[in-house]
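Novice: give the three-dimensional model of this entry:
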Amino acid sequence: MTMDSNIPFFKFSATGNDFILIDNRENILAGDETDFFRTICQRRTAVGADGVLLIENEAQHDFRMRYFNADGTETACGNGARSSAYFAFHQGFAERRMSFVSDDEVYEAEVDCNSVKLRMPQPQDVRETVGIVDEDVLQEAGFVHIGVPHFVLLGTEIGKLNVDELGRKYRKHARFHPQGTNVNFVKVVSPHQVKLRTFERGVEQETLSCGTGCVASAYLLNLKNQARFPIEVLTQGGELRVYSDDERGELFLEGEVKLVFEGKLILE
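Specialist: Residues are numbered from 1 along each chain as shown. I've put the predicted structure just below:
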């Protein structure tokens, strides 16, 4: 990048999870610009976002998505994947039903106006009990890796919790070394509806929504017979839905995506 570069970008919100998306199919960026990603994700002094999405060429699929958290770390992202699918369809380089690659996983998505349904990676490293919670108001739902790691805690008054404080407590707990974990706080409203708050690693604070957190929470609650698919997940930023195809053993995440604005990043 030259010092006077102007980089076009798009700002997306997926039920409150917000992203700076850069069309990188012409290799504007190398993907190792960690300091740059951190800078543009800062709120008030830059564009501000939970993370950065790079859309790149991919020979065997419609495109490749790379996602970088606000701290510059590269990882997977469910809501970011849904935003990328929305972008690809509305920009005309993918059909309504598409496949793309992210973090060595193949995703399939279907776009219907502003709604995007995404097939999620298979659950891995499932632990129904971790045995580390000492708060009386919380109980463990378990741990699972669905694209990214998630530790899920059940409570009845999650609206009153200090999510940032509790999230930091468990995010780097020794049981989750070396990669750490996202921390989810969930309340069961009914067998098909739950409320969710999430502390996201890489952002290092509560976010308004977390797609993989919705799927991880729904999966573990269903495993414990606390909820049944399909499950409506009410986040701080909006509603998401998690489905299961039992015959194929697959999980799906569906919800709204909004293009908020577009502009240019001016590098001085």
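Novice: check contacts around residue 261.
Specialist: Counting by CB atoms under 8 Å, 6 or more residues apart in numbering, residue 261 touches 10, 11. For glycine as for every other residue, the C-beta is placed from the backbone atoms N, C-alpha and C.
Novice: can you tell me how far it is from residue 121?
Specialist: For residue 261, the distance to residue 121 equals 31 Å [CB to CB, to the nearest Å].
Novice: residue 68 too?
Specialist: 19 Å.
Novice: neighbour count winner among those two?
Specialist: Higher neighbour count among residue 68 and residue 121: residue 68, with 27 against 21, using other CB atoms under 10 Å.
Novice: what's the distance between that one and residue 167?
Specialist: Going from residue 68 to residue 167 by CB to CB gives 20 Å.
Novice: before we move on, what about residue 53?
Specialist: Where residue 167 is concerned, residue 53 sits at a distance of 23 Å (CB to CB).
Novice: give the bridge partners for residue 56, please.
Specialist: On the basis of DSSP bridges, residue 56 is bridged to residue 64.
Novice: next one: stretch 107-115 to chain centre, how far?
Specialist: Relative to the centre of its chain, stretch 107-115 is centred 15 Å away, using CA atoms, centre = their mean, to the nearest Å.
Novice: same deal with stretch 208-225?
Specialist: 12 Å.
Novice: low-confidence stretches in the protein?
Specialist: In the predicted model, the chain carries pLDDT under 70 at residues 1-4, 268.
Novice: domain map for it?
Specialist: The chain breaks down by automatic domain parsing into domains covering 6-121+256-266, 124-248.
Novice: where does the last one sit relative to the chain's centre, distance-wise?
Specialist: Relative to its chain's centre, domain 124-248 lies at 12 Å (CA atoms, centre = their mean).
Novice: quote the end-to-end distance of it.
Specialist: End-to-end distance for domain 124-248: 16 Å, by CA to CA, to the nearest Å.
Novice: helix, strand, or coil at the nearest residue to residue 73 once chain neighbours are set aside?
Specialist: Leaving aside its chain neighbours, residue 73 sits nearest to residue 202 (5.0 Å; criterion: CB to CB, 6 or more residues apart in numbering). Secondary structure, DSSP: H, G, I helix; E, B strand; the rest coil: residue 202 is coil.
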